[in-house]
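Visitor: one predicted model, sequence on top.
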Amino acid sequence: MSKKTGGGITLTLVYPQVVTGADLLRGIIKLDRLAPLLQRRGATSVAIVNSKLYGIRSFYKIMSKYDIHPVIGLSIYVEIDDTESVLLYIYAKDDEGYRNLLKMSSAVANRDTETLPLHWLKAYSLGCIIVCPLTDVSWNTCRNKEAFHRVINGCDESTVAIGISRAGGGRHPDELGIEAIAEAVHIPVVAVHESRYLNQEDAFAYDVAEAIRTGYKLDDPARPANEYKDAYVPEESELDLWFEDRPEWLKNMSDILLSCDVSLPPSQSLMPVFPVPTGETATSLLEKNSVVGLQRRFGTIEKVYRDRLSYELAIIGKMGFSDYFLIVEDFMRYAKENRILTGPGRGSSAGSLVAFALGITEVDPLKYGLIFERFLNPDRVTMPDIDIDFADNRRAEVIAYVAQKYGKIHVAQIITFGTLSARSVARNVARVFDFSNEEMAFLSKEIPNRQGVTLEEAVAQSKSLRDWMSIDNIRGKWLQAATTIEGLPRNASTHAAGVILSPVPLVEIVPLQSGGDDIYLTQWPMGDVEEQGLLKMDFLGLRNLTLLDRIRSMITYDKGVPLDFEAIALDDEKTFDLFRAGDMSGVFQFESDGMREALRLIRPNKFEDIFAISALYRPGPMDNIPLYGKRKNGDESVTYLHPQLESILKETHGVIIYQEQIMQIAVRVAGFTMGEADLLRRAISKKNREILLKERAHFTQSAVNNGFPEDTAVAVYNLIVKFADYGFPKSHAVAYALISYRLGFLKANEPAYFYAALLSSMTGNNDKTVELMRESEARGIRILPPSVKRSQYMYTVENGAIRMGLGAIKGVTPVFFKLLKEARKASGNWVNLFEMADALGGEAFTEKALIPLIKAGALDEFGESRAVLEASIKVASNHVLFGGTVSPKYTPAEMVDRMDILASEKEVLGFYISDHPIAQEKKAAGGQFNDISSITTIRDREQVKIIGLITEIKRIRTKKGEAMAFVTIQDETGQISCTFFPKQYAISDNQLVEMAIIQLEGTVERHRGKPQILVQQTRKN
């Protein structure tokens, strides 16, 4: 849309400087509101000028969809000397300019100052248009011809303009001077207007967003003044009015935007290249390595394996993925050579024999009937997706290896953005409004932390929230600001797994910024990166692999025999006993109560049952668990819709569980190729009615042509439709079940090492630690207290028992432990505190370091009470400090009450390691009392009987004036709140004495998820 001014100048409406909400609260404009607004106004073009190239792909696509010419630009501060940086708007005029914008954005984002050196601007200016907004405050001290010349010198002058803003209609006091500079250097003037929010009324919400971004409260006098009072998206009439005497400036800006002709580069396959030896190709090397790998696994390669290998290699080569397999094989080899534990496989890649041959996976796909086309389908050309699990404490080492091998400029991790969800935005805005802690807690309670819930919906659903808002007008402003910025990205972080590898320097394709561990981070999230055609690999950290690795390390160190996980037999009866009993603490995938119940119901006796249960235990398929269990255990006969389905469904007792089974049925019944079967599976899972009808006709006709009656074909298709959405990838189920089985095997056969490693991983989780300690003791594995002479930092196995690690003690740091370990190695077996002090030296032997160790009992073996040891720290310190030759003596101290000793243990450990007095009482009572920790699993209204120590009493009066009490009771497993209503309180009041032992009976009731006991009867012990 265009119009003529009175002076005969034809104008088109453009918006030259829009900072969108993608720029991490530097702007709060949402594209889904901006695009329709601009379309209604008849805008011809709009330019994005974020501080980095965040959000440009979404911007480009949405504006193009609304027929508005999108222009890609950047706001950049350029250093013109050691102290001054000025704002420039830089636009990509052509494809070369776009590539230079990628470089400029990357350069800025990788510098601490987030500014661009002047000589870099000149190096990257080709293909760009540079607008220098001399009315911006950054030009205040250098708004002169000389400074301007410094900026444009070396840049192509035809690409440079001077910008003048009249935001809100106000004129800059130095506007005439700026015009004089433009005339003197023969540079055109353009009208600029920076938009950071949509409407005038959004100015306050922008102010709030800026306060969140910079960390200030709204009423903080130190908060910088808002420079963007009129940074809304103005109407055309407003722009005309502001620049009514200079319409040519509007036209100049319009001409600049319309001259920019940049399209987002089309998606292309950017497969990295693996360095192969001279005389080899990636295809020939992949074949050679695959054959060698299978020979290493099997010795002689049977024909069925040779045929499958040839088939897979042909498809991989044809699809151009040979390099990718070699790249993955290479970093997997690096991991194994460096004892970095990797997973046995993940996702559909476990269906590849090539992956198995190369050591990428540990699952034999032929043994388990896994299908290659579920992973790579020649009828559906997409990038392969080999996701790898690593022990989470060593994942970064593998990424660093990849960066070192292929070059830092070719490797990056993927950015991810944390958005202001309903609860997050409510709390962030409340914080800058300086709401009280009580108000913050109220908002957290009333606003659900559920994905997809908006703040508006939360308010509509909560009368308490509406009542709270009606009390004070400021809360209405809080809601208005919060809903305006809700959903915007708040901060950037690193994607948990995604790594990209490029055959060309990444900065040619995607903007980068500095990331962790000296690895670049993309400025675009995963969808944008993949859309560009870059290869994404997932390097996932899996805590359970770290657990397996720790068990392996301990066993190998103690027994001197390396533990090979692949050599573990999959028919170990002790392991299946464990699974059948549902004894699954610490066993990956099987710890939940529902999983344990499924195991007890199905009673697995072979590895196939383990991965079947893991696939069944999901919403939908879990309805078939009872049926699977009955058929598996012979309580119900197995039937098949057609005899041809028996060979496919026999292993799962006639129940369709896996996606691979759906594909096999399509091949067997309809005569589909595996590729066609995979496309059918994907199409059906989308639940599109039109697709379902089309595929029904296709499947039925193909099945009839294949010799099946039409009614059978329809019935089989209906069966596929029923299960297609529920089907689970068998390849993933098998691979992950291997991790579960190996943990179960170690728990059954090496329980001390299993529990030692598991306890190490639970440091800080006191409830779980106590539960695991009790579980291991029930198996006859003793828990030994921490010891300065014997403990390592983590839990270890010592003569069949588990020795607590010093890292479990609050205040014991890895640095201190390292000094202690070195001192222990150098000076041998200490017999008292003073020898330990001598060995550690004055800098390490401090009260701060020693008191937690003493309270935890780590010095008990010196044969003195903890009170004496604590009292003697100063003597020992002085002995070391002054180098005394006379043997020092312990300082006498009063005996400490046993309960105080226990309280000190709980303070530094979070639980008791010494015998609790209640434990002795329970032992004498012969198991008639419930453990407090077990009450968390007891259902509401169930009767319990406990004995415990009274640690806290809170007496209150009801509205009727009757006395009652809330009493906290503690045993060796934990503590619980007990409610004494007036009638019972009147009977029990004289027994309620702090630190007294009491027996009580009552019923369990949950309040806010926590169990409490409603007391019905008491007896003083």
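Guide: On my side now, so go ahead. Numbering: from 1, shown residues only.
Visitor: low-confidence ranges, the protein, go.
Guide: Residue ranges of the chain with pLDDT under 70: 1-8, 157-158, 884-885.
Visitor: I'd like to know which elements the longest helix seen in it is packed against.
Guide: Counting by DSSP state H, the longest helix found in the chain is helix 730-749. Helix 730-749 makes packing contacts with helix 543-559, helix 573-581, helix 607-616, helix 659-670, helix 751-761 when contacts are defined by 3 or more CB pairs under 8 Å, 6 or more residues apart in numbering; DSSP states H and E. Placement of C-beta: from N, CA and C, glycine included.
Visitor: for L53, which of those is the nearest?
Guide: Smallest distance to L53 across the helices and strands packed on helix 730-749 (CB to CB): 34.8 Å, for helix 543-559.
Visitor: quick one: list the elements packing against that closest one.
Guide: strand 388-391, helix 730-749, helix 751-761, strand 796-798.
Visitor: ok, which of those comes nearest F981?
Guide: helix 751-761 (40.1 Å).
Visitor: can I get the helices and strands packed on helix 543-559 in JSON lines with distance to S647 and mean neighbour count?
Guide: Listed next are those as JSON lines, based on distance: least, CB to CB, whole Å; neighbours: other CB atoms under 10 Å:
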{"stretch": "strand 388-391", "distance to S647": "32", "mean neighbour count": "25"}
{"stretch": "helix 730-749", "distance to S647": "15", "mean neighbour count": "25"}
{"stretch": "helix 751-761", "distance to S647": "39", "mean neighbour count": "25"}
{"stretch": "strand 796-798", "distance to S647": "47", "mean neighbour count": "21"}
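Visitor: between the ones you listed, which one is nearest to Y628?
Guide: Between Y628 and those, the tightest spacing by CB to CB is seen for helix 730-749, at 13.6 Å.
Visitor: how far does that closest one sit from the chain's center?
Guide: Mean-position distance between helix 730-749 and its chain equals 23 Å (CA atoms, centre = their mean, to the nearest Å).
Visitor: on that earlier part again, now the angle between helix 751-761 and the longest helix of the chain, please.
Guide: When axes from the mean of the first three to the mean of the last three CA atoms, to 10 degrees is applied, the directions of helix 730-749 and helix 751-761 differ by 110 degrees.
Visitor: would you confirm that A986 contacts F980?
Guide: No: assessed by CB atoms under 8 Å, A986 is found out of contact with F980, at 9.1 Å.
Visitor: which one of these two has more residues nearby?
Guide: Looking at A986 and F980 with other CB atoms under 10 Å, you find the greater number of neighbours at F980, namely 27 against 13.
Visitor: residue contacts, that one?
Guide: By CB atoms under 8 Å, 6 or more residues apart in numbering, F980 lies in contact with M964, A965, F966, V967, S988, L992, V1015.
Visitor: circling back to that earlier point, TSV for the helices and strands packed on helix 543-559, including distance to V304?
Guide: Below are those laid out as TSV (distance: least, CB to CB, whole Å):
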stretch	distance to V304
strand 388-391	27
helix 730-749	18
helix 751-761	38
strand 796-798	44
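Visitor: which one of these lies nearest to A581?
Guide: For A581, the closest of those is helix 730-749, at 10.1 Å, according to CB to CB.
Visitor: what ranges do the helices span in the stretch 701-850 of the chain?
Guide: Using DSSP state H, counting those that start in this stretch, the helices of the stretch 701-850 of the chain run over 710-724, 730-749, 751-761, 766-778, 814-827, 833-840, 847-855.
Visitor: and of those, who's closest to Q17?
Guide: Of all these, helix 730-749 sits nearest to Q17, with 48.2 Å by CB to CB.
Visitor: nearest spatial neighbour of V896, chain-adjacent residues omitted?
Guide: Nearest residue to V896, sequence neighbours excluded (CB to CB, 6 or more residues apart in numbering): A867, at 4.7 Å.
Visitor: F442 reaches W468, doesn't it?
Guide: Yes: counting by CB under 8 Å, F442 does reach W468; the two are 6.6 Å apart.
Visitor: burial of the nearest residue to Y717 once chain neighbours are set aside, as a residue count?
Guide: Excluding its sequence neighbours, the residue lying closest to Y717 (CB to CB, 6+ apart) is F699, at 4.8 Å. With neighbours defined by other CB under 10 Å, the count for F699 comes to 24.
Visitor: likewise K1020?
Guide: By other CB under 10 Å, neighbour count at K1020 equals 12.
Visitor: ramachandran coordinates for it?
Guide: Phi and psi for K1020, reported as degrees, to the nearest 10, are phi -70, psi 140.
Visitor: and for S462?
Guide: With angles defined as degrees, to the nearest 10, S462 sits at phi -120, psi 110.
Visitor: re earlier: can you put the helices of the stretch 701-850 of the chain in JSON lines and add distance to N449?
Guide: JSON lines is the format used below for these (distance: least, CB to CB, whole Å):
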{"stretch": "helix 710-724", "distance to N449": "32"}
{"stretch": "helix 730-749", "distance to N449": "28"}
{"stretch": "helix 751-761", "distance to N449": "26"}
{"stretch": "helix 766-778", "distance to N449": "22"}
{"stretch": "helix 814-827", "distance to N449": "34"}
{"stretch": "helix 833-840", "distance to N449": "47"}
{"stretch": "helix 847-855", "distance to N449": "35"}
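Visitor: who touches the longest strand belonging to the chain?
Guide: In the chain, assigned by DSSP state E, the strand with the most residues is strand 943-957. Strand 943-957 has contacts (CB under 8 Å, 6+ apart) with 899, 917-918, 921-922, 925, 928-930, 932, 935, 938, 963-971, 975-976, 992-1004, 1013, 1021.
Visitor: please name the strands paired to it in the sheet, noting orientation.
Guide: With DSSP bridges as the test, strand 943-957 is paired with strand 963-971 (antiparallel), strand 997-1007 (antiparallel).
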